[in-house]
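> Give me a 3D structure for the following:
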Amino acid sequence: MNDMKTDWQPRTDDEMKKVIGQSLVVLPELNDEDLVRNKALLFKALGDETRLKIIGILKIQESCLCELVSGLGIPSSTLTHHLQILERGGIIQSRKEKKFTIFSLSTGSNIDMYLEQTGK
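Next up is the predicted model:
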């Protein structure tokens, strides 16, 4: 299936359409645009060292923004950006308690499955 070319010539549009069609058979999830978008958001969320550190902290305990800023030693504006990406990826959730926003891992995010597979 992995057709390696030795004398490189770009494939024609028709050839590429055939390859794209084959990719939709091999990865049928690609037919579902919402699923693809959600997977992309998830992998974007996992694609940064700081965000992985945030996930590690939240695996231990829920934390507010000020605790995460203190623990990670990064500006709150930078941390807020990372937290938004993690929320969009469905990895974390937040709730308000008085004047604090508390962050925790989302229930059912299956984050351990992704971390275990990529950690080896």
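> Mean pLDDT per helix and strand in the protein: which one sits at the bottom?
Lowest by mean pLDDT, DSSP states H and E among the helices and strands of the chain is helix 111-118, with a mean of 67.
> What pLDDT does the model give Asn38?
In the predicted model, Asn38 carries a pLDDT score of 88.
> What residues does it make contact with?
Asn38 is in contact with Gly90, counting by Cβ atoms under 8 Å, 6 or more residues apart in numbering. Yep, even glycine has a C-beta here, placed from its N, CA and C like the rest.
> Gln115: what's it in contact with?
If you look again at residue 115, you'll see it is Leu, not Gln. Leu46, Leu52, Ile55 are the contacts of Leu115 under Cβ under 8 Å, 6+ apart.
> Between those residues, identify the one with the most neighbours.
Ile55 (20 neighbours; other Cβ atoms under 10 Å).
> In contact with that residue, which residues?
Residues near Ile55 by Cβ under 8 Å, 6+ apart: Leu86, Ile91, Ile92, Leu105, Ile111, Leu115.
> again, only this time at 7 Å
Residues touching Ile55, when contacts are defined by Cβ atoms under 7 Å, 6 or more residues apart in numbering, comprise Ile91, Ile111.
> Helix, strand, or coil at it?
helix (DSSP: H, G, I helix; E, B strand; the rest coil).
> mind checking pLDDT for it?
95.
> can you check Met4 too?
69.
> The one 10 residues further on too?
At Asp14 the predicted local distance difference test score is 95.
> Enumerate residues external to the helix or strand hosting it that contact any of its residues.
If you go by DSSP states H and E, Asp14 is part of helix 13-26. Contacting residues not belonging to helix 13-26 are listed as Leu30, Asn31 [Cβ under 7 Å, 6+ apart].
> Check which residues of that helix are buried.
For helix 13-26, burial by neighbour count (16 or more other Cβ atoms under 10 Å) applies to no residue.
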